[in-house]
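> sequence first, predicted model second:
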Amino acid sequence: MDNRLMMLAILPGILIIIYIYRMDKVEKEPWPLILKLMLFGALSCVPASFMESAIESSVIMGPEGSLSYAVTNAFLVAALCEEICKYLFLRFGAWNNREFGYRFDGIVYGVAVAVGFAVLENILYVMQYGFYTAIVRAVMAVPLHAFCGVFMGIFFGAAKQAQVQGRSTIKFTFLALIVPMLIHGIYDSLAFLGSTEASVVLLAFVLAMYIVSIRVIRRFSRDDWSSGFYPDTQPLSDGGPGWTSTTGNRGFGDTTSSGYRAYPGDIQDGKLIMLCPYCQRGMRVPAGLGKVRVRCPHCGREFEETT
């Protein structure tokens, strides 16, 4: 494959990831995690292709170019299989990651997986069809996958937030799947029809998705400061697990006050002093929140506590 064609196949995905990364205003996600999720997205192409082949061989879709063919192939084959596989790899790669602490993180992760899928798919198409396909897919198909990743990420982040807050995740998980499937299915239905009228509607649909997706990204980026999943937990300098004061009582050194000792259950400046049940290190958590899910700033593990 010509190097210029390879760059054309990869560049749209790179630009999208850079844009999403720049819009992440609170605790930017580490590049190793983003690259891992992009790799997971590329790997999700494999089960998706097997699923698509199985459905295509067992479902009657009508003659190519017909409405029944376009809708069945778009929704039942492409959208269903690809979005399910992308979601499963997203869930496996990011759900329990200690970096996942804000709603916008879900968008970053969703787009990373979607772009990984799109880039591999794009390389395969460009290898087969050449320069013109690379240009068209750069402004149409690759952004389409990113649009799906944005909305999958929004509801993926909402599901994680619900889980942290002890609420059901079913509704948000369903939306994380069904909304990208609808976007993907509409796009592919119009593309499979292949008529002039359908092409015009497709261009209008893609333009609308550009506008909506950018507005949504900007809104969630702006509001991310107030959408953290966990209370503002601060570590205490406790000298390590099991540290004991000179008087024989377990205590935690306060890095802000020389000689001060805090003990589990103390409330200082509106913060409750508590122990992590896993690493036995001390932390401060805002008091009066009731029963909340806390993430230890030392070991990163989660636990429920009443503050």
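Perfect, I can see it now.
> domain parsing for the protein?
Using automatic domain parsing, the domain ranges for the chain come out as 3-226, 234-306.
> end to end on the first one, go ahead and measure it.
Right, the one you point to is domain 3-226. Start-to-end span of domain 3-226 (C-alpha to C-alpha, to the nearest Å) is 44 Å.
> cool, and the last one?
For domain 234-306, the first-to-last residue distance is 16 Å (C-alpha to C-alpha).
> average model confidence for that domain?
In this model, domain 234-306 has an average pLDDT of 70.
> same question for stretch 182-194.
Here stretch 182-194 scores 95 as its mean pLDDT.
> please save the CA atoms from it in PDB.
Taking Å, rounded to 0.1, in the frame of the first residue of the first chain, the C-alpha atoms of stretch 182-194 are listed here in PDB:
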ATOM      1  CA  LEU A 182     -29.700   4.100  15.300                       C
ATOM      2  CA  ILE A 183     -27.000   6.600  14.100                       C
ATOM      3  CA  HIS A 184     -25.100   3.800  12.400                       C
ATOM      4  CA  GLY A 185     -28.200   2.200  10.900                       C
ATOM      5  CA  ILE A 186     -29.500   5.400   9.400                       C
ATOM      6  CA  TYR A 187     -26.200   6.300   7.900                       C
ATOM      7  CA  ASP A 188     -25.700   2.800   6.300                       C
ATOM      8  CA  SER A 189     -29.300   2.600   5.100                       C
ATOM      9  CA  LEU A 190     -28.900   5.800   3.100                       C
ATOM     10  CA  ALA A 191     -25.500   4.600   1.800                       C
ATOM     11  CA  PHE A 192     -26.800   1.200   0.800                       C
ATOM     12  CA  LEU A 193     -29.700   2.700  -1.200                       C
ATOM     13  CA  GLY A 194     -27.200   4.300  -3.500                       C
END
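> one step back: highest mean neighbour count out of the domains of the chain?
Ranked by mean neighbour count under mean count of other C-beta atoms under 10 Å, the domains of the chain are led by domain 3-226, which reaches a mean of 19. Glycine gets a C-beta too; all of them are placed from N, C-alpha and C.
> that one: how far from the chain's middle?
From the chain centre to the centre of domain 3-226 is a distance of 10 Å (C-alpha atoms, centre = their mean, to the nearest Å).
> can you pull out the helices in this structure?
Here the chain has its helices, by DSSP state H, at 3-23, 31-43, 45-56, 67-71, 80-94, 103-129, 131-139, 141-164, 170-193, 196-223.
> and those: which comes nearest Arg301?
Of all the helices of the chain, helix 141-164 sits nearest to Arg301, with 12.9 Å by C-beta to C-beta.
> between helix 3-23 and the closest one, find me the angle.
On the basis of axes from the mean of the first three to the mean of the last three C-alpha atoms, to 10 degrees, helix 141-164 is oriented at 30 degrees to helix 3-23.
> elements contacting helix 141-164?
Contact here means 3 or more C-beta pairs under 8 Å, 6 or more residues apart in numbering; DSSP states H and E; on that basis helix 141-164 packs against helix 3-23, helix 80-94, helix 103-129, helix 170-193, helix 196-223.
> circling back: rebuild the helices of the chain as a markdown table, extending it with distance to Met274.
Formatted as a markdown table, the helices of the chain follow (distance: least, C-beta to C-beta, whole Å):
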| stretch | distance to Met274 |
| --- | --- |
| helix 3-23 | 34 |
| helix 31-43 | 28 |
| helix 45-56 | 43 |
| helix 67-71 | 55 |
| helix 80-94 | 27 |
| helix 103-129 | 25 |
| helix 131-139 | 51 |
| helix 141-164 | 17 |
| helix 170-193 | 29 |
| helix 196-223 | 29 |
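> nearest to Gly288, of those helices?
Per C-beta to C-beta, nearest to Gly288 of those: helix 141-164, 18.1 Å.
> tell me the pLDDT of the closest residue to Phe92 other than its chain neighbours.
Nearest residue to Phe92 in three dimensions, chain neighbours excluded: Phe40, at 7.1 Å (C-beta to C-beta, 6 or more residues apart in numbering). pLDDT for Phe40: 98.
> contacting residues for Phe40?
Taking C-beta atoms under 8 Å, 6 or more residues apart in numbering, we find Phe40 in contact with Phe89, Leu90, Phe92, Gly93, Val113, Gly116.
> reformat the residues you listed as a markdown table; add distance to Gly153.
Below are the contacts of Phe40 laid out as a markdown table (distance: C-beta to C-beta, whole Å):
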| residue | distance to Gly153 |
| --- | --- |
| Phe89 | 13 |
| Leu90 | 8 |
| Phe92 | 15 |
| Gly93 | 12 |
| Val113 | 9 |
| Gly116 | 13 |
